[in-house]
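> Please find the sequence and the predicted model below.
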Amino acid sequence: MSVKAEIADILTRLGVNSASYTSGSTKIISPVTGEEIASVADVSAADTSAAIDKAHEAFKVWRNVPAPRRGELVRLLGEELRAAKEDLGRIISIEVGKITSEGLGEIQEMIDICDFATGLSRQLYGLTIATERPGHRMMEQWHPVGVVGVISAFNFPAAVWSWNAALALVCGDTVVWKPSEKTPLISLACAAVFEKAAARFGDAPDGLLTLLIGDRAVGEVLVDHPKVPVISATGSTRMGREVGPRVAARFGRSILELGGNNAGIVCPSADQDMALAAIAFGAMGTAGQRCTSQRRTFVHDSIYDEFVPRLKAAYKSVTVGSPLTTDALVGPLIDARASDAMERALEQAKALGGTVTGGEKIDAGYPNAHYRRPAIVEMPVHAGIVCEETFAPVLFVMRYTDLDDAIEKQNAVGAGLSSTIFTLDMREAEQFLSVAGSDCGIANVNIGTSGAEIGGAFGGEKETGGGRESGSDAWKAYMRRATNTINYSRELPLAQGVSFDIA
Ligand code: NAD
């Protein structure tokens, strides 16, 4: 069966209307084979606005549904995702090029966030706060905020939506989703799965989830719309620089999840086998196309000549090929632009004195697809292209002698998403996690930079945008806080002892 026929088969099984992926003018290409697998139609600006209005009306109904009942819808969504896991994972492999376990892993992450959000629906707690006035009570309430606009990137085309949607829905919000123009098929599938959950739920208002297929122009309508109080945008730092100020200009709230340039430090005491395995997955997994992919590694001078040759051997041994027909560990890059960007990064690194191992194009049997062997680049300097995110499997490796200096260099880039240290020395580990340590939103010890669990808040600082999604108290960004003071006395004392006696 051709890939095109297979995807149509899966989408039909999931209940997606075939007109939505066969009748448009935007061609969708599988990065695995380079062939056209579907065509979709972009939604117009007028239809986008109308959809947002409808989502706003749905919000007025949904906000009144008790939160634990809203949690029931998300619990059902989790059940439907469990039932559709194999199909959804396969779509991700076809549309993004992820290997089977990573495609399935992305769906598992969605199931996990549904479980988390279901429990959360009974834990949207506010505080009771001591007041300075007798006979008064002060408290905080968290109320639903409105329509949440979700703009997602190609590389986590389903999970990012679910991190946002599961929380937003239990918080009483409705969701309008603009997926990446590169991955509309998995979003059509997710919307169909959501509809099954909504049908089982029974009385879900129409307009709880709206999918807007289109490019950045559709995203811009969402970003500027006054009835969308929260925009959660995941993608490049370039995108965030455009979206952030536009949302701020209308006093909206943005949750920005942008690029990363994640580093690891391998210390003299490191468990080298563990570090090797973690870096191999962190840097080569998902063909280096995770926001948390490891892109820089600082190895202590005393172990460099032992560790780096082993790392290079691992790079040479890794299998690159189709995730659909082989058990390769590294699949294709998303498109020609990504492959060209990798080529350019390697050239720039060489110009700075870098020594490249790997990085060459691989003939995987599909002339229109873009397969490359992951590259490891030994760098004499921490400068230039090393300090930028190249969204491809390129790992820069540098020597260090002083941990303070290594931490300073790891922090000396624009992005601040994920970081790790490999050490068995408790002092080094604690220094890395301390106020003067890693400046990233995620700082790990003895695990890789990628592969976060949903229980923690996910996101990063600086040019990564500062947003937090998923676990911990990230839900607060999807609600509005009201501070309430109730006077049950017979007096009206003013705060701070102010008197204002009217005659
Ligand atoms: P991208 O920035 O090209 O596109 C992301 C999304 O933003 C797409 O849906 C796109 O249509 C939309 N968009 C672009 N410009 C816009 C604008 N001006 N207004 C409104 N919408 C706009 O990113 P990509 O290539 O799809 O994804 C890769 C990037 O995403 C990498 O930089 C990666 O690090 C980052 N990423 C970050 C996270 C995170 O959680 N921090 C997660 C995944 C990916």
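Right, received. Where do you want to start?
> For the rest of this, base every contact and every neighbour count on C-alpha atoms.
Noted.
> Can you tell me, leaving aside adjacent residues, what's nearest to the residue in the stretch 301-450 of the chain positioned nearest to the ligand?
Nearest residue of the stretch 301-450 of the chain to the ligand (C-alpha to the nearest ligand atom) works out as residue 391 at 6.3 Å. Nearest non-adjacent residue to residue 391, counting by C-alpha to C-alpha, 6 or more residues apart in numbering: residue 289, 5.4 Å away.
> What residues does that neighbour make contact with?
Residue 289 makes contact with 155, 333, 391, 392, 393, according to C-alpha atoms under 8 Å, 6 or more residues apart in numbering.
> So which of the residues you listed wins on neighbours?
residue 392 (29 neighbours; other C-alpha atoms under 10 Å).
> Identify the bridge partners of residue 419.
Judged by DSSP bridges, the bridge partners of residue 419 are residue 263, residue 443.
> wait, isn't it in contact with residue 438?
Yes. When contacts are counted by C-alpha atoms under 8 Å, residue 419 is listed as touching residue 438 (7.0 Å).
> Neighbour count for the two, which is higher?
Set residue 419 next to residue 438 and count neighbours by other C-alpha under 10 Å: residue 419 wins out with 34 against 25.
> in its sheet, what does the helix or strand hosting residue 27 sit against?
In this assignment (DSSP states H and E), residue 27 forms part of strand 26-29. Its sheet considered, strand 26-29 pairs with strand 36-40 (antiparallel) by DSSP bridges.
> per-residue confidence averaged over the partner strand?
Per-region confidence: strand 36-40 scores 97 on mean pLDDT.
> helices or strands up against the very next helix or strand once past it?
Counting by DSSP H and E, the next helix or strand C-terminal to strand 36-40 is helix 45-62. On a contact count with 3 or more C-alpha pairs under 8 Å, 6 or more residues apart in numbering; DSSP states H and E, helix 45-62 meets strand 147-151, strand 174-178, strand 209-211, helix 216-224.
> Strand 174-178 and the last one, what's the angle between them?
Interaxial angle of helix 216-224 relative to strand 174-178 (axes from the mean of the first three to the mean of the last three C-alpha atoms, to 10 degrees): 150 degrees.
> next SSE after helix 216-224?
Following helix 216-224 in sequence, per DSSP H and E, is strand 230-234.
> who's in contact with that next one?
145-153, 160, 164, 222-223, 240, 243, 247, 252-258, 478.
> and if you look at stretch 67-74?
So stretch 67-74 is contacted by 114-115, 117-122, 166, 169-172, 197-198, 201 (C-alpha under 8 Å, 6+ apart).
> Also stretch 174-181?
Against stretch 174-181 from outside (C-alpha under 8 Å, 6+ apart): 51-52, 55-56, 58-59, 62, 146-154, 157, 161, 165, 168-169, 187, 207-215, 218-219.
> so which of those residues also contact the ligand?
When C-alpha under 6 Å from any ligand atom is applied, the members of these adjacent to the ligand are 151, 152, 153, 154, 215, 219.
> want to throw the residues you listed into TSV with pLDDT, neighbour count and distance to residue 413?
TSV is the format used below for these (pLDDT from 0 to 100; neighbours: other C-alpha atoms under 10 Å; distance: C-alpha to C-alpha, whole Å):
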residue	pLDDT	neighbour count	distance to residue 413
151	98	27	25
152	98	25	24
153	98	22	22
154	98	21	24
215	95	16	29
219	97	25	28
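> what two of those are the furthest from one another?
154 and 219 (14.1 Å; C-alpha to C-alpha).
> where do the helices sit along the stretch 101-250 of the chain?
Secondary structure of the stretch 101-250 of the chain (DSSP state H, counting those that start in this stretch): helices at 159-170, 184-201, 216-224, 237-249.
> Point out the most buried one among the ones you listed.
helix 159-170 (a mean of 26; mean count of other C-alpha atoms under 10 Å).
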